[in-house]
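>>> whatever this is, show me its structure:
(one chain, ligands or ions: 1)
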Amino acid sequence: MSLDARARRAAEAVDPDRVAALAQGLVRARSVFEPGRGGNETTAAAFVAEALRGIGLEPLVEEAAPDRPNVICDWSGSAFDPAVHRTLMFEGHSDVVTEGDPGQWRVPPFEGRIEGDVLHGRGSADMKAGVAAAIAALEAVRSVAPDLPGRIRLGIVADEEGMMLGIKHFIERGWADEVSGAIICEPEENEICLFQKGAMRLHVRVHGVMSHGAMPYAGVNPILGLNDIVTTVRSLERSEQVRLGAHPHLGLPWITPTIVMAPAGGEAQHNVMPKEAYLALDIRTVPGQDHDALLEQISARCREVERATPRLKVEVECFESRPWTETPADDPLVRAFEVAYPEILQRPPRYGGVPGATDGTFLRAWRDIPIVTLGPGDRTIPHQVNESVRLSEAVASARLYAAAAVEYLGRVTSIRPVSADA
Ligand SMILES: [Zn+2]
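Numbers count the residues shown, from 1 in each chain. All right, here's what the predicted structure looks like:
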């Protein structure tokens, strides 16, 4: 199958200057979430909404939480009929992680400086260039295919870097219900990613009995219990890695201790054995792992540790579970990218996997929406100092989005059944 002629024209209609200007404006709109210091996504969301209003669209701004706005904007071709046609979502987040010490940056992190092909700044890759590419792609599709039998829903949401409140709110409000496929515009080096790693976050609290350091036998040391738990989850990690092997796009599963605190609260003192110790586990999962079963295995091992020491108590709490996702290779959205890829990028499609969870995780897990994660920027650069993105790569993303959108929406005559018209 070759690329629809209109899809090619939509790709060509992407304006590189527009992509650069949008990405630069977004980097300048600092959107680090800093509760108590006034930092949030408001300015970046307003910038997106203003850009959309500027081309005659009517974005909606909804707060996922106080001062944490989602921007939602629909465009549909004149031939669009919601009863029979597809809706493609362009998904992005407006928040960025902290810049850390600005003195560590070669270029000030929110200046938005462009040097040649490179845009510098916090969020340039993760993921303001991706958001810019999505907006520019929407504009290109609209100019070339005004009668497209489909709809594009832009969702630029808050709090991806935290608890993903933005996308959860978006889904809970019903915005995902009509979405038949979604492009997650995260920095993935323009690789077609059909897999995303899962994540679980656990609190482990080990309760012992406080005592004098000179008389440890009078109490129960929770630090020793915590040590046993670290050891046993490490062996569970090893056995899961052996059982599953390395996934071709996601690598190995991991169970990583990330925080250890003892005492878990209050003042630490050298000669006091604390009553409580705390352990955080950051768990990353791959296809073949069931989150409930894994949690049960960890809990069972913690109960063993508990049983081995009288008066020791262990509590395990899973406070976030983001399943791994897999999108079928024969999904029409995947096909649309595969058709567009060689013509737009002049090379065969490249495939990858997403090492962390994204907003797309919840679109897939909660609403079963096929997702393709693809966007500009090196996969390892997010959250580092001196973050930057190549603008030519962002333009390539925008061209891919535009072509894939026309291909995906334009070829369809009816979404019933979806799989029959790929
Ligand atoms: Zn991101």
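>>> next one: the closest residue to residue 104 other than its chain neighbours relative to residue 93, how far apart?
Closest residue in space to residue 104, ignoring its immediate chain neighbours: residue 385 at 4.6 Å, by Cβ to Cβ, 6 or more residues apart in numbering. C-beta here means a position set from N, CA and C on the backbone, and glycine is covered the same way. Taking Cβ to Cβ, to the nearest Å as the measure, residue 385 falls 20 Å from residue 93.
>>> check residue 237 too.
30 Å.
>>> find the centremost residue of this protein, please.
Residue closest to the average C-alpha location in the chain (Cα atoms, centre = their mean): residue 358, at 1.8 Å.
>>> residue contacts, that one?
160, 184, 186, 196, 373 (Cβ atoms under 8 Å, 6 or more residues apart in numbering).
>>> pLDDT, neighbour count and distance to the ion added to the residues you listed, as TSV?
Formatted as TSV, those follow (pLDDT from 0 to 100; neighbours: other Cβ atoms under 10 Å; distance: Cβ to the ion, whole Å):
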residue	pLDDT	neighbour count	distance to the ion
160	96	26	5
184	98	29	9
186	98	27	5
196	96	29	12
373	98	28	10
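>>> for residue 336, what is the enclosing helix or strand?
Using DSSP states H and E, residue 336 maps to helix 332-345.
>>> what residues of that helix count as buried?
332-341, 344 (16 or more other Cβ atoms under 10 Å).
>>> residue 133: how many residues sit nearby?
Counted with other Cβ atoms under 10 Å, the neighbours of residue 133 add up to 34.
>>> separation between it and residue 331?
Taken as Cβ to Cβ, the span from residue 133 to residue 331 is 21 Å.
>>> just residue 216 next, same as before
Distance, residue 216 to residue 331, by Cβ to Cβ: 59 Å.
>>> those two: who's more crowded?
Taking other Cβ under 10 Å, residue 216 and residue 331 do not tie; residue 331 has more neighbours (20 against 12).
>>> count of residues packed around the closest residue to that one other than its chain neighbours?
What sits nearest to residue 331 in space, not counting adjacent residues and going by Cβ to Cβ, 6+ apart, is residue 370, at 4.3 Å. Residue 370 has 21 neighbouring residues, counting by other Cβ under 10 Å.
>>> which residues are in contact with residue 370?
Residue 370 makes contact with 180-182, 327-328, 331, 333-334, 364, according to Cβ under 8 Å, 6+ apart.
>>> out of those residues, flag the one nearest to the ion.
Of all the contacts of residue 370, residue 182 has the smallest distance to the ion: 14.5 Å, by Cβ to the ion.
>>> what about the residue nearest to the closest one when sequence neighbours are not counted, which SS state?
Beyond its immediate neighbours in the sequence, the residue positioned closest to residue 182 (Cβ to Cβ, 6+ apart) is residue 89, lying 4.0 Å away. Assigned by DSSP: H, G, I helix; E, B strand; the rest coil, the conformation of residue 89 is strand.
>>> redo the buried residues of helix 332-345 as TSV? Include distance to residue 55.
Output for those, formatted as TSV (distance: Cβ to Cβ, whole Å):
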residue	distance to residue 55
332	27
333	25
334	29
335	29
336	24
337	25
338	30
339	27
340	23
341	27
344	23
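>>> can I assume the residue nearest to residue 182 is in contact with residue 185?
No. Judged on Cβ atoms under 8 Å, residue 89 makes no contact with residue 185 at a distance of 10.2 Å.
>>> which of those two has more neighbours?
Taking other Cβ under 10 Å, residue 89 and residue 185 do not tie; residue 185 has more neighbours (35 against 26).
>>> how far away is the more buried one from residue 114?
In terms of Cβ to Cβ, residue 185 sits 20 Å off from residue 114.
>>> same check on residue 273?
Per Cβ to Cβ, residue 273 is found 57 Å from residue 114.
>>> neighbour count for these two, which is higher?
More neighbours surround residue 273 than the other of residue 273 and residue 114, with 23 against 19 (other Cβ under 10 Å).
>>> who does the more buried one bridge with?
Legend: beta-bridge partners of residue 273 under DSSP bridges are residue 211.
>>> and the pLDDT at it?
On the pLDDT scale, residue 273 is placed at 97.
>>> got the contact list for residue 336?
Per Cβ under 8 Å, 6+ apart, neighbours of residue 336: 403-405, 407-408, 411.
>>> find the nearest non-adjacent residue to residue 27, please.
residue 121 (3.9 Å).
>>> burial count for residue 168?
16.
>>> surely it and residue 64 touch.
Yes. With contact taken as Cβ under 8 Å, residue 168 and residue 64 are classed as touching, separated by 7.5 Å.
>>> shaky segments in this protein?
413-422 (pLDDT under 70).
>>> which positions in it make contact with the ion?
126-127, 186 (Cβ under 5 Å from the ion).
>>> closest to residue 221 among the residues you listed?
residue 126 (41.8 Å; Cβ to Cβ).
>>> pretty sure the closest one is touching residue 186, no?
Yes. Shown here, residue 126 and residue 186 form a contact pair, counting by Cβ under 8 Å, at 7.1 Å.
>>> on that earlier part again, ok, now which ones touch the residue nearest to residue 182?
152-155, 176, 179, 181-183, 363, 369.
>>> what are the ranges of the helices in the stretch 251-400 of the chain?
291-308, 332-345, 359-367, 391-410 (DSSP state H, counting those that start in this stretch).
>>> can you give me the strands in the stretch 1-150 of the chain?
Taking DSSP state E, counting those that start in this stretch as the criterion, the stretch 1-150 of the chain carries its strands at 60-65, 68-76, 86-93, 114-115, 118-120, 150-157.
>>> between those strands, which one is closest to residue 289.
strand 86-93 (24.9 Å).
>>> ok and the closest one relative to strand 150-157, angle-wise?
Here strand 86-93 points in a direction 20 degrees away from that of strand 150-157 (axes from the mean of the first three to the mean of the last three Cα atoms, to 10 degrees).
>>> could you give the angle of strand 86-93 to helix 359-367?
Going by the same axes, to 10 degrees, strand 86-93 makes 130 degrees with helix 359-367.
>>> who does strand 86-93 pair up with?
strand 150-157 (parallel), strand 181-184 (parallel).
>>> just name the most buried of those strands.
Mean neighbours per residue, mean count of other Cβ atoms under 10 Å, is largest over these for strand 181-184, with a mean of 27.
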